[in-house]
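Enquirer: what's the 3D shape of this:
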Amino acid sequence: MTQTMPEHSEKTDRERTNTWKSAGHVIVDTLVAHGIERAHVVPGESFLEVLDGLHGSDIETIVCRHEGGATYMAEADGKMNQLPGIAMVTRGPGAANAHVGLHTAWQDSTPMILFVGLIPFAHRDREAFQEFDIKAWFDTGAKRVMVLDHAERASEIVAEAFFAAMSGRPGPVVIGLPEDVIRKQIDATLHPRIPVATGGMTTTDSDALALALAASTKPLFVTGGNDWTQEGADQFTAWLEEHHIPAAAEWRTQGTVPFDSPSYVGPIGYGRPRPTFDLFEETDLLVFVGTVPGDVITDGFLCRQDWNKKNFLVTIDSSLRGRSGPVSYQIVAKPDVFVRDLVKLELPVKDEWRTWTARMRAEQESFTALPDPAPSKGTARMDTLMANLVPTLPADAMITLGAGEHTNWAHRYFPTRRYASMISARNGSMGYSVPSAIAASLAHPGRRIVTIAGDGEFLMNGQELATAAQYGATPLVIVMDNQEYGTIRTHQERHYPDRVSGTQLKNPEFALMAQAFGGFGIKVEHDADIPAAVTAALKAIDEDHVFALIHLIVEQRVRAY
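Expert: Below you'll find the model as predicted:
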């Protein structure tokens, strides 16, 4: 019998030259190739093939206790790094629970990729178990929503997601993974990274900014967003200080210009404290870098709305999504490349700049001066805790925050001395504090990570302390317990005085919860006990290598400012 050779085909050539893997494994390989170090996961049977790919990979799998916690951790990871944070959840209920982190990433301009396991392709549109329409659910709150319907495109889809999350104004991307599709064997060749444009100042841009600064006597820069690097922040700070020009920080993004810099004049946002309260109207030139004058910065689209005011907006987002008020000039650039070109400007220093900056800096120093660390004889106070904690903090200490009036103590007193030393939910999302602190501790082992949680928001994701214990995260968690939803009570008192309704809480023993999860917990009711509690909590972190929680019982209606 004569033996015949098989017909030549593209498939046999590929089989001879490439390794074949499942689409789920190729997804993991692509994440590794893009530099991802950890994925935040609540497992589901819909994406078992991806979980199998994570087994033994270079990516650390952080198993979380709730999808909201997982996406908050991924979102925080995206804020701290130049790469998107990664979360993985299952279909239906899991996807619904994950939505809160997606909204945070959308409004905070954070690069994040959410992988969602889906029903098998063949079961679609038959009301299968936990079926939902992923594009209908997520399309208005994500930069892109993609479904892997063709297994051979697995690596390409992931590469496209990275590009979408990081290009232009950063944000979240959702990828749906049908469970049968990700099991298919495909060519394991990985799609290359897609470069992201960074923009930059043209000669015309540089001339326009130089002329505006030359004409200004009270210029003010406002930093914001999550698109900086430490190098860019350092160069920018040096330029500001050299020219005696002030800079404020967008709400909950403090640290780009260090807390101690003579050019730093404080945060701008809800409740805008002195010394930045009147800056928006007094300055004759505002330059936003990495952000735009949106709802929060303008106090609900009220401040800086006069189109005769001069505003320069430096952002890679040419659409200026979310901006309010006048636009005198737009420079399309990411912060680092803008700073690279900014430092080349030949700009003489004006005496008016020195006087203006010195005045605002003096007000900021007065506002942030620590209270007396000596305890009072009464109920525990956040002022006393901050006065005892802050002097112990190293230069690279980081604070993470959720939402509520309790965050104002950190806005006022916490010394943010480097970029990304304040990680918070600028969309006002509660429950962010504990997951973000865990993400920060895992990303930066050895750094002092502090989070201040309100009693209301702590119970929204406090169960993630189990995740902290499992993976060795060691944040200091301060729970400010005033037995109420404080921010809402403040609005209530303003609009419905003396009619308290729906804002009061009865709380458990948070310190005992911390101990039950495997950490250190201490309850403090009296101001006199605060110094010893802070010492004991820090000792537990440094010597026992566990997370620590201080449950601080405080009076109602006491505010940071």
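
Enquirer: these two touch, right, Pro415 and Pro394?
Expert: No. Judged on CB atoms under 8 Å, Pro415 makes no contact with Pro394 at a distance of 9.9 Å. (C-beta placed from N, C-alpha, C; glycine too.)

Enquirer: What's the per-residue pLDDT of Met1 here?
Expert: As predicted, Met1 sits at a pLDDT of 35.

Enquirer: tell me the contacts of Glu525?
Expert: Taking CB atoms under 8 Å, 6 or more residues apart in numbering, we find Glu525 in contact with 379-380, 553.

Enquirer: before we move on, back to that, Pro415 and Pro394: which has the busier surroundings?
Expert: Taking neighbours as other CB atoms under 10 Å, Pro415 and Pro394 compare with Pro415 leading, 19 against 10.

Enquirer: Helices of the stretch 51-200 of the chain, start to end?
Expert: 67-80, 93-107, 134-138, 154-166 (DSSP state H, counting those that start in this stretch).

Enquirer: Likewise for the stretch 401-550 of the chain?
Expert: Here the stretch 401-550 of the chain has its helices, by DSSP H, counting those that start in this stretch, at 408-413, 433-443, 455-461, 465-471, 486-495, 510-516, 530-539.

Enquirer: In TSV, list those helices along with mean neighbour count, distance to Arg557 and mean pLDDT.
Expert: Formatted as TSV, the helices of the stretch 401-550 of the chain follow (neighbours: other CB atoms under 10 Å; distance: least, CB to CB, whole Å; pLDDT from 0 to 100):
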stretch	mean neighbour count	distance to Arg557	mean pLDDT
helix 408-413	22	13	92
helix 433-443	30	21	97
helix 455-461	25	14	92
helix 465-471	20	28	98
helix 486-495	16	8	82
helix 510-516	19	21	97
helix 530-539	18	20	98
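
Enquirer: Which among those helices is found nearest to Val558?
Expert: Closest to Val558 of the helices of the stretch 401-550 of the chain is helix 486-495 (CB to CB; 9.3 Å).

Enquirer: helices or strands next to that closest one in the packing?
Expert: Here helix 486-495 touches no other helix or strand, going by 3 or more CB pairs under 8 Å, 6 or more residues apart in numbering; DSSP states H and E.

Enquirer: can you give me the offset of that helix from its chain's centre?
Expert: Taking CA atoms, centre = their mean, to the nearest Å, one finds the center of helix 486-495 at 26 Å from the center of the full chain.

Enquirer: sorry, back to before: of the helices of the stretch 51-200 of the chain, which stretch is the most buried?
Expert: Mean neighbour count (mean count of other CB atoms under 10 Å) peaks for helix 67-80 among the helices of the stretch 51-200 of the chain, with a mean of 30.

Enquirer: Which helix runs longest in the protein?
Expert: Across the chain, the longest stretch assigned as helix under DSSP state H is helix 351-368.

Enquirer: counting contacts, what elements does the helix or strand that that helix is followed by pack onto?
Expert: Sequence order places helix 382-389 as the next helix or strand after helix 351-368, per DSSP states H and E. Helices and strands touching helix 382-389, by 3+ CB pairs under 8 Å, 6+ apart, are helix 408-413, helix 530-539, strand 548-553.

Enquirer: Compute the inter-axis angle for helix 382-389 and helix 530-539.
Expert: Interaxial angle of helix 382-389 relative to helix 530-539 (axes from the mean of the first three to the mean of the last three CA atoms, to 10 degrees): 50 degrees.

Enquirer: which parts of helix 382-389 are buried?
Expert: Residues of helix 382-389 classed as buried: 382-389 (neighbour count, 16 or more other CB atoms under 10 Å).

Enquirer: Now flag whichever of those residues is closest to Arg91.
Expert: For the buried residues of helix 382-389, the nearest to Arg91 is Met382 (42.2 Å; CB to CB).

Enquirer: how near is the closest residue to that closest one other than its chain neighbours to Lys79?
Expert: Nearest non-adjacent residue to Met382, counting by CB to CB, 6 or more residues apart in numbering: Trp409, 4.9 Å away. Remark: distance between Trp409 and Lys79 (CB to CB, to the nearest Å) = 21 Å.

Enquirer: now Asn388
Expert: 28 Å.

Enquirer: do Ala537 as well
Expert: From Ala537 to Lys79 the distance is 25 Å (CB to CB).

Enquirer: next one: Thr407
Expert: Distance, Thr407 to Lys79, using CB to CB: 16 Å.

Enquirer: Next: Val158.
Expert: For Val158 relative to Lys79 (CB to CB), the value is 21 Å.

Enquirer: Same check on Glu352?
Expert: Applying CB to CB to Glu352 and Lys79 gives a distance of 36 Å.

Enquirer: Any chance of the helices and strands packed on helix 382-389 in CSV with distance to Ile62 as columns?
Expert: Listed next are these as CSV, based on distance: least, CB to CB, whole Å:
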stretch, distance to Ile62
helix 408-413, 25
helix 530-539, 24
strand 548-553, 20
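
Enquirer: Identify whichever of those lies nearest to Glu250.
Expert: Closest approach to Glu250 among these is made by helix 408-413 (11.7 Å; CB to CB).

Enquirer: Can I get the closest one in CSV, CA atoms only?
Expert: Output of helix 408-413 as CSV, limited to C-alpha atoms (Å, rounded to 0.1, in the frame of the first residue of the first chain):
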residue,chain,number,x,y,z
ASN,A,408,-11.5,64.9,56.9
TRP,A,409,-9.1,64.2,59.7
ALA,A,410,-6.8,62.6,57.1
HIS,A,411,-7.3,65.5,54.6
ARG,A,412,-6.3,67.9,57.3
TYR,A,413,-3.4,66.1,59.2
